[in-house]
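Peer 1: Everything below, folded, please.
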Amino acid sequence: MPLPDHLIELGEQVSNWGRWGDDDQLGCGNLLDAEAARRGRDSVRTGEHLSLAVELRADGIQVGQPARRYNPILTVTSLNERDQFAPGIWEGTDDAVFMSTCAGTHMDALSHVAYDSLLYNGFPTTAVTAQYGATVLGAERLPQIVTRAVLLDIPRVHGVEGLDVIDPGYAITADDLDAAVDLARVDVVAGDVVLVRTGMMRHFHRGDRVRYAVGSEHSMPGLSEHSVEWMHRHDVAGAFTDSYAYEAFPPSLPDWSDCLAVHLLQVRDMGLLQGQNWNFERLAERCEELERGDVLLVAAPEPIVGASSTPVAPVVVL
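Peer 2: Residues are numbered from 1 along each chain as shown. This next block holds a predicted model:
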């Protein structure tokens with residue numbers, strides 16, 4: 001099933017292919033320059049820091065939809081053991097973890113999605129193999145993030161706890177993003193990162209893992225195709241959400257030919273840094289109390305060679 005013509009046209013409009021060279025594998029990560037880092041530094045006013053990561057645990061975010069996504073399985077490989085070849089009286093414990101790279105708070109590599117057999121910047125999908133993973137655009141290519149982040153608190157714009165209060169499948173548009181920027185009292189500029197709050201994380205915190213992961217009757221709020229051009233026009237380096245699917249579900253077309261269209265246009269065409277399951281609840285509270293929306297974001301994705309997504313533990317400094 002081909003991507004609808006209007007989405008192909010939009011993809012061409014927002015494409016960054018060749019912008020940073022034919023061999024580029026950083027995409028919008030190229031916008032994370034020294035100026036972006038200094039702008040992030042200058043946004044620090046109180047020095048308070050908050051983690052945006054959820055815990056990696058056996059009863060975590062993954063509930064089996066889609067299949068073969070696993071919460072962390074922790075195995076103790078040595079328990080209070082001595083090394084017979086090492087001196088001293090110490091005892092040590094080691095662990096091993098089996099998990100999906102997107103099990104919790106994570107970033108998607110630019111090899112994560114494709115269409116028409118092409119990845120970002122025209123690399124062929126054959127560059128991703130079962131044996132070696134992504135031989136181009138893997139997680140090890142993702143940049144470290146030190147920049148200004150702007151919280152776009154869409155529920156607060158509408159005076160609700162979460163967007164699913166308005167509509168279980170609420171589709172965020174450019175108008176929503178503009179209103180949230182006004183609320184944040186800053187202008188989004190090239191190299192910034194946007195933190196798009198939908199309010200879905202509150203379900204996970206309340207213990208309703210299924211509601212968080214699959215929504216209400218498989219309807220979930222998120223970004224829509226009407227937000228894609230906004231991201232390109234503002235030249236943001238990345239966009240991260242507090243939801244499982246990132247974009248609104250179900251898709252807008254009856255035949256679902258636009259399924260995951262936001263992923264496709266932002267990752268495959270724009271090369272936008274993207275991630276899900278980020279926790280903005282405490283950050284949203286503090287930003288409302290401080291009447292601001294800009295923070296310093298520091299995030300180092302795990303450089304797992306060949307992975308199509310990877311865990312990250314982001315921290316913001318207010």
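Peer 1: So what's the model's average confidence on stretch 281-301?
Peer 2: Averaged over stretch 281-301, pLDDT sits at 98.
Peer 1: Buried residues in stretch 143-163, which are they?
Peer 2: Going by neighbour count (16 or more other C-beta atoms under 10 Å), the buried part of stretch 143-163 is 143, 145-158, 162-163. Backbone N, C-alpha and C define where each C-beta goes, glycine included.
Peer 1: So which of these are in helices?
Peer 2: Applying DSSP state H to the buried residues of stretch 143-163, the entries found in helices are 154-158.
Peer 1: Now render the residues you listed as TSV, adding pLDDT and distance to residue 255.
Peer 2: TSV is the format used below for these (pLDDT from 0 to 100; distance: C-beta to C-beta, whole Å):
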residue	pLDDT	distance to residue 255
154	98	28
155	98	31
156	98	35
157	98	32
158	98	30
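Peer 1: now, among those, which is nearest to residue 120?
Peer 2: residue 154 (26.8 Å; C-beta to C-beta).
Peer 1: burial count for residue 37?
Peer 2: 18 (other C-beta atoms under 10 Å).
Peer 1: Residue 296 belongs to a strand?
Peer 2: Yes. In this structure, residue 296 lies within a strand as judged by DSSP: H, G, I helix; E, B strand; the rest coil.
Peer 1: in terms of contact, does it touch residue 149 like I think?
Peer 2: Yes. Shown here, residue 296 and residue 149 form a contact pair, counting by C-beta atoms under 8 Å, at 7.4 Å.
Peer 1: so what's in contact with those two at the same time?
Peer 2: 40, 316 (C-beta atoms under 8 Å, 6 or more residues apart in numbering).
Peer 1: Without its sequence neighbours, what residue ends up closest to residue 258?
Peer 2: Computed as C-beta to C-beta, 6 or more residues apart in numbering, the closest residue to residue 258 that is not its neighbour in sequence is residue 251, at 4.7 Å.
Peer 1: same question, residue 292
Peer 2: Counting by C-beta to C-beta, 6+ apart, the residue nearest residue 292 is residue 185, at 6.1 Å.
Peer 1: With residue 109 instead?
Peer 2: Here the residue nearest residue 109, using C-beta to C-beta, 6+ apart, is residue 139, at 4.5 Å.
Peer 1: dump the residue contacts of that neighbour.
Peer 2: Per C-beta under 8 Å, 6+ apart, neighbours of residue 139: 101, 107, 109, 301-310.
Peer 1: Same question for residue 314.
Peer 2: 51-53, 105, 145, 240, 278, 297-299.
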